[in-house]
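In: sequence and computational prediction follow.
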Number of protein chains: 2
Amino acid sequence: MLASAASLLNIQVVFLDVGADAPAKQVFSSSQHIDGSFKDQQKIAELASKADVLTVEIEHVDVDALDAVKKSHPNVEIHPAPETIRIIQDKFRQKEHLSKHSCPLGEFMSVDATSDSIKSAAEKLGLPLMLKSRTQAYDGRGNFLLHTLSDIDKAIDALGSGSRPLYAEKFLPFVKELAVMVVRSTSGEVASYPVVETVHKDNICHLVFAPLRTPDAGLCKRAEEIARSAVKTFEGAGVFGVEMFLLENGTITINEIAPRPHNSGHYTIEACETSQYSNHLRSILSLPIGSTSLKVPASVMLNLIGVSDSMQPIKDVCSKALEIPGAAVHLYGKKDCRKSRKMGHITLVAPSDAELRDRLRPLLQTLPTSSSSLEQEKEREKEVAVYTPVKPSPTHSHPQPLISIIMGSDSDLSTMLPASQILSRFSIPYELTIVSAHRTPARLYSFAQSAAARGVKVVIAGAGGAAHLPGMVAAITGLPVVGVPVRSSTALDGVDSLYSIVQMPRGIPVATVAINNSTNAALLAVRILSTSDPRLLIKMEEYMKEMEGEVSGKIERIESGGWGNYEVKKH
Amino acid sequence: MLASAASLLNIQVVFLDVGADAPAKQVFSSSQHIDGSFKDQQKIAELASKADVLTVEIEHVDVDALDAVKKSHPNVEIHPAPETIRIIQDKFRQKEHLSKHSCPLGEFMSVDATSDSIKSAAEKLGLPLMLKSRTQAYDGRGNFLLHTLSDIDKAIDALGSGSRPLYAEKFLPFVKELAVMVVRSTSGEVASYPVVETVHKDNICHLVFAPLRTPDAGLCKRAEEIARSAVKTFEGAGVFGVEMFLLENGTITINEIAPRPHNSGHYTIEACETSQYSNHLRSILSLPIGSTSLKVPASVMLNLIGVSDSMQPIKDVCSKALEIPGAAVHLYGKKDCRKSRKMGHITLVAPSDAELRDRLRPLLQTLPTSSSSLEQEKEREKEVAVYTPVKPSPTHSHPQPLISIIMGSDSDLSTMLPASQILSRFSIPYELTIVSAHRTPARLYSFAQSAAARGVKVVIAGAGGAAHLPGMVAAITGLPVVGVPVRSSTALDGVDSLYSIVQMPRGIPVATVAINNSTNAALLAVRILSTSDPRLLIKMEEYMKEMEGEVSGKIERIESGGWGNYEVKKH
């Protein structure tokens, strides 16, 4: 992927990798490529002799070799700095570094591969205890979650029987895993991509949703700031993947940092204005950093992980993907498929969260499992239900609503139902609930505050009498709010509601529709969504044509049957 | 670009092209590539012996060789069909074919390279007369526009002195050039990409804007239908570029068709759910055709054409592009730069037309010219003014408005001005004008009908009394319409306007704000746009914070100075 980005800029790249047909060498033809390991000092020196700038795509590179290059080839820039890679490739040193720079972390401590040392760590950090190899650990390899002290020997055994240094982390029961890609320029400026939600399966990155949706309105800003601050503490340029845990109480801790393009940033190729690969190149070459903005409303990346030596199950998922709009297949050209090997990925983009999940569902359903056991089948069903749930019934809320219909009281329900029917007709995902400004003010505040972060685009609020709900929602969220004046008292015929809703002070608008006319509120919401989805504009025009047709039919009936016999149909 | 698309699907491709470092061979490493010309029968046979499917990226290929392959390699599929390429590579036969299938064309006729034949054509089709070589013509080579009969000898000379067959076309004074990429599957189904506007300079494709903006609401649909119908008449699979002329009276005629990925479809790589290259592969391999939808609001492609043997001016434009958000540079890795040679292209994407043109402007200003003459400098200034005009002044309409502020009468202007100030504050491009429902009903109709096709997203309409303007606009366009009731008569205090605007019948909504409150109308429009532009939501939240801060200041003043001395400031 770096090779493809480089070729677009006519930048010559020489790759050091094993084999003549390593993936990058397939898509970047050069007689200069080197056949060898990234741990081979001599090969690294050979690579340096052909380059102006050296970079890495894996942090387990031989850093002593990079240091040697620094001396032997003083004109070759190395990004990120060898010292950065040295800190990061030792997870314990990485944590010490981050801790020293006041980055938020869970508790951790050094342990030896002895029963006593681990016991004392368990006493301090509690059980379960996360034991980790300090080095050479990735995709969950080198991790052991110790549930009971009686498993200590098993743990020591699993973690290399003392051959590799260890450390311990307090186990954090996170509610979500987050990640942010950060670009660091040669002058030390940082730019961050949007926060994503990552989902791991068997400790390997499985799904990446961009952007993150959450009821916590300030979460994304906090996560981006933490990621940028952490990357600022390292030397050298490049993109960095910052993996984080979100805890139940809203706290964010850094899990680990990768000093290179990262799996959680693959989505940027199709979904952002500049891909992580283009930005990695730009940063290490002291070129301007490209915009990190999303250019699509929603995207998800699905890793294609081998389940056996057969490539066929992976190909089956790709075939399915070719049938799905917005799906981009990336196969890596690796010669052999193996269990747990990353063979490629698929990125989906979509005009909305709901459509994204609809597009993802058949892929999750096609994804191979390592066996066809009932257990794995249930696991898959559960996964589909969690990440791509289907709306439970026509009259229940959609799990990824674009529109939120709220009303002050259940007595407004009959007035608001036509809105839900219109949205169903236009296939717009919506939710419907009661939020009372006067009786549930706390709920009103949290609803309005979180709506945008949850992915809601328009709020339709119906209220009667001293109808405060629409205006109060509009005062808390920046989203467009459509107000439906409900005619709740016969005394004032709904004019009380209308004035309460429409006569908002300067600064806070409510889009008011006619008294009791929730149909128009929903149609207005569809028109609002159509400003970013041209398909909806076409549907709206068809709807208007249909209305025209209905009236034409009535004209015809008056003309053919005469007005004497004409009966007006009630809605 | 086809090579890159193929490698993502692990599809093996063998290229026949001259040289070992032809662009495609650089990004698709294979020991199988063939060094030779696409006109070399033997090389084409050699290529066929290595392939399951043959395709072309240029229509000037030797079709006899393809026919020979059909016989010698019956299991090799050729797409598009050789007969299709044969028809298309002879522009006169192409026109005859399209004419036979009732595709819209300008008048054309066969001519010989003789003075008499050309004179008689000029008599029939008029002057100026477009003389064209039937074959081997591209990028304007092989075209001669005959202005006067005295130039006939010059024309014959320029067009090969009779060595190549000619034909004549009636000169069409088009107002715009359009293009549509069409994908044709092996089973004959067709799918079309959005209509784009193409701009040629010195007969070479220069700019491609996607999607097309036009005041003619039905134009895109008509153009797509014409393109799909035309491609349906050909045999074999693949993508086809259909180039069209739009005439003053709204008529569309087909100019010519390319049976391959086309320069006018390069924008699809960054801007559509599936690129033209991915879809070319999918179609010739009988895989499902990918979605042709745009995934961004606006995009433009700029060709990088050599102006001399020096690559430096091209590199300078690329450097500028790296500073521009949403710009993707594609350099083709061609070894030598030459005048009029396509060395690469840049695709820009943006959240709006206005932002797209702002991003394009510095590129057009950096674009090299073949000389630095005053004339070329003026030419460039003209181009910048036409394609990326700057808003003439703060109180004039923006050339690419997202919001349209209209009012029924100039007497409403003072009421509507705050709306314009809010939009300026949020840097939203808008236009402002008078449309009177009662005094200019025809203008009302054409305004409302064309608004969406011109790129307008929201209409803000102010009206007083029997205020019909907002509702009538909403009845004609599917866009969201925000209505501002103007208090024009003291008799009813604006309640007349409010009721006229808000009490719309079911089916046609108007988003009504408070009487005279055009500030809120504009804020509502910003909120509507923020549903597709997250930056605006952040700005709106800042605006709301600022209002909160202002009130906090007043609280402070009451507390510190006491309310006895407190003076209420008027706005």
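Out: Received the coordinates, thanks. Numbering: from 1, shown residues only, chains lettered A, B, ... in the order given.
In: all helices for the stretch 301-450 of chain A, in order.
Out: Remark: helices assigned in the stretch 301-450 of chain A by DSSP state H, counting those that start in this stretch are A:312-322, A:353-366, A:374-387, A:413-425, A:441-450.
In: same question but for the stretch 1-150 of chain A, I mixed them up
Out: With DSSP H, counting those that start in this stretch as the criterion, the stretch 1-150 of chain A has helices spanning A:2-8, A:23-26, A:41-49, A:63-72, A:82-89, A:91-100, A:115-125.
In: will you turn these into CSV that also has mean neighbour count?
Out: Glycine gets a C-beta too; all of them are placed from N, C-alpha and C. Formatted as CSV, the helices of the stretch 1-150 of chain A follow (neighbours: other C-beta atoms under 10 Å in any protein chain shown):
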stretch, mean neighbour count
helix A:2-8, 22
helix A:23-26, 20
helix A:41-49, 17
helix A:63-72, 16
helix A:82-89, 22
helix A:91-100, 19
helix A:115-125, 16
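In: okay, the ones you listed in CSV with mean pLDDT next?
Out: Putting the helices of the stretch 1-150 of chain A into CSV (pLDDT from 0 to 100) gives the following:
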stretch, mean pLDDT
helix A:2-8, 96
helix A:23-26, 94
helix A:41-49, 96
helix A:63-72, 95
helix A:82-89, 97
helix A:91-100, 98
helix A:115-125, 96
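In: now do the helix ranked longest in chain A against helix A:413-425, angle only.
Out: For chain A, the longest helix by residue count, based on DSSP state H, is helix A:534-561. For helix A:534-561 against helix A:413-425, the angle by axes from the mean of the first three to the mean of the last three C-alpha atoms, to 10 degrees is 110 degrees.
In: helix A:534-561 near chain B at all?
Out: Yes - interface with chain B: helix A:534-561 contributes A:P534, A:L537, A:M540, A:E541, A:Y543, A:M544, A:M547 (C-beta under 8 Å from any C-beta of the partner chain).
In: how far off centre is that helix?
Out: In terms of C-alpha atoms, centre = their mean, to the nearest Å, the centre of helix A:534-561 is found 42 Å from the chain centre.
In: closest to chain B out of the helices of the stretch 301-450 of chain A?
Out: helix A:312-322 (4.8 Å; C-beta to the nearest C-beta).
In: put the alpha carbons of that closest one into CSV.
Out: Output in CSV follows, covering the C-alpha atoms of helix A:312-322 (Å, rounded to 0.1, in the frame of the first residue of the first chain):
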residue,chain,number,x,y,z
GLN,A,312,-10.9,-20.3,-1.2
PRO,A,313,-12.8,-19.0,1.8
ILE,A,314,-11.1,-15.6,1.5
LYS,A,315,-12.0,-15.6,-2.2
ASP,A,316,-15.6,-16.3,-1.3
VAL,A,317,-15.8,-13.2,0.9
CYS,A,318,-14.2,-11.2,-1.9
SER,A,319,-16.8,-12.4,-4.4
LYS,A,320,-19.5,-11.4,-2.0
ALA,A,321,-17.9,-8.0,-1.6
LEU,A,322,-18.0,-7.4,-5.4
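In: check contacts around A:V199.
Out: A:E177, A:C205, A:H206, A:L207, A:V208, A:F209, A:Y387 (C-beta atoms under 8 Å, 6 or more residues apart in numbering or on different chains).
In: show me chain A divided up by domain.
Out: A:1-79, A:107-170, A:174-366, A:403-534 (the TED database).
In: between the ones you listed, which one is closest to B:K232.
Out: domain A:174-366 (22.2 Å; C-beta to C-beta).
In: just to revisit the earlier point, what helices and strands are in contact with the longest helix of chain A?
Out: Helix A:534-561 sits against helix A:518-530, with contacts defined as 3 or more C-beta pairs under 8 Å, 6 or more residues apart in numbering or on different chains; DSSP states H and E.
In: what about A:Q421, how many neighbours?
Out: A:Q421 has 13 neighbours, counted by other C-beta atoms under 10 Å in any protein chain shown.
In: spell out which parts of the stretch 251-400 of chain A neighbour chain B.
Out: A:273-274, A:278, A:282, A:287-288, A:290-291, A:293-297, A:318-319, A:322-323, A:325-331, A:333, A:349, A:351.
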